[in-house]
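Visitor: Below are the sequence and a predicted model for it; my questions follow.
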Amino acid sequence: MHRSIQGCFEDHHRFQLCSLLRIISILESEIGIISDRLHQLIEKHEALLDRLTVVPGVGPRNAQMIISEVGYRLDSFADAALFANWAGLCPGNNESAGKRRSGKTAVQKHPFKTILVEVAWATVKTKGSYFKDKYYRLKSRRGAKKAIVAIAHRLAKVMFHMIKYG
């Protein structure tokens, strides 16, 4: 009982903790440097970032990540459906002879897809949003994960129009 209260924190443990604290301070300073550089690069597109943060679930950091992944013009995409397909958020449509087979989305580890799924989870938690209502209607029929990908698909379309047309 007495040894468990006293513990066994020795000089070697103190040395290891000091080393870890130095590493943490170095990494925090690097994060600050990178954040400052990011703010310098993104100053020109502040209006676009403000527009994106209006979407429920999208914060300033998510808006920056979205712009860094897709750009700020989207000239290479003709419409929102192609944009969502590029992100890997469109369901497949495999039907032949009247039989429907698997309609899985494209298996892509696209960073933009990951960001949109995270934003979709935050969006469905927002009170009074259209996406929350749509999520619960889809969830009852398809399940939570398929419904969240459907919400991410809708968010991709919304963001396409916000970025391309304002």
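Guide: Thanks, I have it.
Visitor: Show me what stretch 65-76 is in contact with.
Guide: Stretch 65-76 is contacted from outside by 42, 45, 48-49, 52, 58, 83, 111-112, 115-116, 159-160, 163-164, using CB atoms under 8 Å, 6 or more residues apart in numbering. Every residue, glycine included, has its C-beta placed from N, CA and C.
Visitor: buried set for that stretch?
Guide: Using 16 or more other CB atoms under 10 Å as the test for burial, stretch 65-76 gives 65-67, 70, 74.
Visitor: Quick check: the closest residue to residue 126 other than its chain neighbours vs residue 163, distance?
Guide: Nearest in space to residue 126, with sequence neighbours left out and distances taken as CB to CB, 6 or more residues apart in numbering, is residue 56 at 3.9 Å. Noted for residue 56: a distance of 17 Å to residue 163, by CB to CB, to the nearest Å.
Visitor: Between these two, which has more neighbouring residues?
Guide: Between residue 56 and residue 163, counted using other CB atoms under 10 Å, the more crowded position is residue 163 (21 against 18).
Visitor: Who does residue 95 form a beta bridge with?
Guide: For residue 95, the beta-bridge partners are residue 100 (DSSP bridges).
Visitor: Any stretches of the protein with poor pLDDT?
Guide: Applying pLDDT under 70 to the chain picks out residues 1-6, 92-93, 101-108.
Visitor: about what we covered before: list the contacts of the residue nearest to residue 126.
Guide: So, once contact is read as CB under 8 Å, 6+ apart, residue 56 ends up touching 122-123, 126, 129, 131.
Visitor: In terms of secondary structure, what does the longest helix along the chain contact?
Guide: If you go by DSSP state H, the chain has its longest helix at helix 11-42. Helix 11-42 sits against helix 60-70, with contacts defined as 3 or more CB pairs under 8 Å, 6 or more residues apart in numbering; DSSP states H and E.
Visitor: The helix it packs on to helix 11-42, inter-axis angle?
Guide: Using axes from the mean of the first three to the mean of the last three CA atoms, to 10 degrees, the inter-axis angle of helix 60-70 relative to helix 11-42 is 70 degrees.
Visitor: after helix 60-70 comes which helix or strand?
Guide: Downstream of helix 60-70, the first helix or strand assigned by DSSP states H and E is helix 80-86.
Visitor: Before I go, just wanted to say thanks for your time.
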